[in-house]
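Enquirer: next come a sequence and a model predicted from it.
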Amino acid sequence: MSLTLALGVGCHAQSATPSTTATAAGAADKSGPGKADLDRRIELMVRSKFGVPPDYSIDIGERGKSGFPGYDSLPVTFSHNGKQSKPLTFLVSADGKTLARFEKFDISKSPADIVSTAGRPWRGTANAPVVVVVFDDLECPFCARMHKELFPLTADRYKGKIRIVYKDYPLVEIHPWSMHAAIDSDCLAAQSNTAYWNLVDYVQEHASEIAGPQHSIDTAKATLDQLTRAEGKREKLDEARLDACITKQDETPVRASMQEGNELGVSATPTLFINGERVEGAVPTEDFWPVIDRALAAAGVTPPAAAGPAATTDAGSKTDGK
């Protein structure tokens, strides 16, 4: 585990409050060194083993029950430029001679169930053995690249064996109209998976044109609304309901999807979960397909025979779930 991970999981968490009931700093302990001495030993070991930069400070908390015989839990907090990490829990032996780092991971759930797909548009086969969940940003050029890799190449290669689901993760800090695009596409999804995918296909292919030559955010939002209404009309959706959804621009469902992504460690787009196995970025075919093959094999399904990429025919949006 790296220090970067330690700070990334909770920069604003408060450090452990020093206990006034614990052994006083520097006091001798019959089973080992005094607290001040032991804290210093622990700090130096952590700095050495985890490559902590010299301008980071380390706070050693108080011992607590660990559930491991002969060891106490020990929270360690990293600080830098006024920001604190979420405390990392180490184990220290009762005699103060051994420091350990141990993490427990919940494997009670099937990997395929790690990410919720309830209510989301999908493509492929409803009961497919492999589910590819993509946390997507419609303004992200890397997402557009991944989209081309998925449709039709991957969808054709694994026809009948995969279901592909998109989840919203607009990077609103750097992509100013990505939230609007997510909401508009979801307005279509509320009535038609086909309409959703038609809009997503178009935006992924034409994202660089959405904001117009002046790169105006207002232009981008107006264009997205026009495209959404046109798609709704083409698919004969309830136009009044669709218009109300577009006008309201309710961010709540999108924010919930983003929060789910955060809890899963998503920080960039695209991020994919293939039956629970995480893949980040628009990875090339030779790296992406083996992940699907592993998931199929784990599900007891023989992967397709090794072959070159499938022909690039326009077959992507014809396998929408209803």
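Expert: Done, it's in.
Enquirer: ranges for the helices of the stretch 151-300 of the chain?
Expert: Chain-ordered helices for the stretch 151-300 of the chain, with DSSP state H, counting those that start in this stretch as the definition, fall at 155-157, 178-189, 193-210, 217-234, 239-248, 252-263, 285-298.
Enquirer: would you mind measuring from Val92 to Gly51?
Expert: The span separating Val92 from Gly51 equals 21 Å under the rule CB to CB, to the nearest Å. (Glycine included, C-beta is placed from N, CA and C.)
Enquirer: compare those two (neighbour count), which wins?
Expert: Val92 (21 against 10; other CB atoms under 10 Å).
Enquirer: which non-adjacent residue is nearest that one?
Expert: Nearest-residue entry for Val92: Leu74, 4.7 Å, with adjacent residues in sequence omitted and distances by CB to CB, 6 or more residues apart in numbering.
Enquirer: within its sheet, name the partner strands of the helix or strand encompassing that neighbour and how each one runs.
Expert: With elements taken from DSSP states H and E, the one containing Leu74 is strand 71-80. Sheet pairing here is set by DSSP bridges, and for strand 71-80 it gives strand 57-60 (antiparallel), strand 64-65 (antiparallel), strand 83-84 (antiparallel), strand 88-93 (antiparallel).
Enquirer: counting neighbours, which bits of that strand end up buried?
Expert: Judged by neighbour count using 16 or more other CB atoms under 10 Å, the buried positions of strand 71-80 are Tyr71, Asp72, Ser73, Leu74, Pro75, Val76, Thr77, Phe78, Ser79.
Enquirer: let me have these in TSV, extended by pLDDT and distance to Lys109.
Expert: Rendered in TSV, the data for those read as follows (pLDDT from 0 to 100; distance: CB to CB, whole Å):
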residue	pLDDT	distance to Lys109
Tyr71	94	28
Asp72	95	30
Ser73	94	25
Leu74	94	29
Pro75	94	27
Val76	95	29
Thr77	94	30
Phe78	94	30
Ser79	93	34
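Enquirer: quick check: the farthest pair among those residues?
Expert: Greatest spatial distance in those: Tyr71 and Ser79, 25.2 Å, computed using CB to CB.
Enquirer: hmm, Arg278 and Ala268 touching each other?
Expert: No - counting by CB atoms under 8 Å, no contact exists between Ala268 and Arg278, whose distance comes to 11.3 Å.
Enquirer: and these two? Which one has more around it.
Expert: Neighbour totals were compared for Ala268 and Arg278, and Arg278 leads with 16 against 13 (other CB under 10 Å).
Enquirer: beta-bridge partners for that one, please?
Expert: Phe273.
Enquirer: need the contact list for it.
Expert: The contact partners of Arg278, by CB atoms under 8 Å, 6 or more residues apart in numbering, come to Leu264, Gly265, Thr271, Leu272.
Enquirer: who wins for neighbours among the residues you listed?
Expert: Of all these, the highest neighbour tally under other CB under 10 Å goes to Leu272, namely 25 neighbours.
Enquirer: so it touches Val130, yeah?
Expert: No - when contacts are counted by CB under 8 Å, Leu272 is not listed as touching Val130 (11.4 Å).
Enquirer: pull up the overlap in contacts between the two.
Expert: Shared contacts of Leu272 and Val130, counting by CB under 8 Å, 6+ apart, come down to nothing at all.
Enquirer: quick one: buried residues of stretch 213-222?
Expert: Along stretch 213-222, these residues count as buried under the neighbour rule (16+ other CB under 10 Å): Ala220, Lys221, Ala222.
Enquirer: stretch 34-48 too?
Expert: Neighbour-count burial for stretch 34-48 flags Gly34, Lys35, Leu38, Asp39, Arg41, Ile42, Glu43, Val46 (criterion: 16+ other CB under 10 Å).
Enquirer: so what's the residue nearest to Val92 bridging to?
Expert: Phe90.
Enquirer: okay, how far is it across stretch 86-104, tip to tip?
Expert: With CA to CA, to the nearest Å as the measure, the ends of stretch 86-104 fall 16 Å from one another.
Enquirer: just checking, which helix or strand of this structure averages the lowest pLDDT?
Expert: When the helices and strands of the chain are compared on mean pLDDT, DSSP states H and E, helix 3-8 comes out lowest with a mean of 35.
Enquirer: excluding chain neighbours, what is closest to Gly276?
Expert: The spatial neighbour of Gly276 that comes closest, neighbours along the chain excluded (CB to CB, 6+ apart), is Pro111 at 2.6 Å.
Enquirer: what do you get for His147?
Expert: Counting by CB to CB, 6+ apart, the nearest residue to His147 once its immediate chain neighbours are dropped is Gln204, at 4.2 Å.
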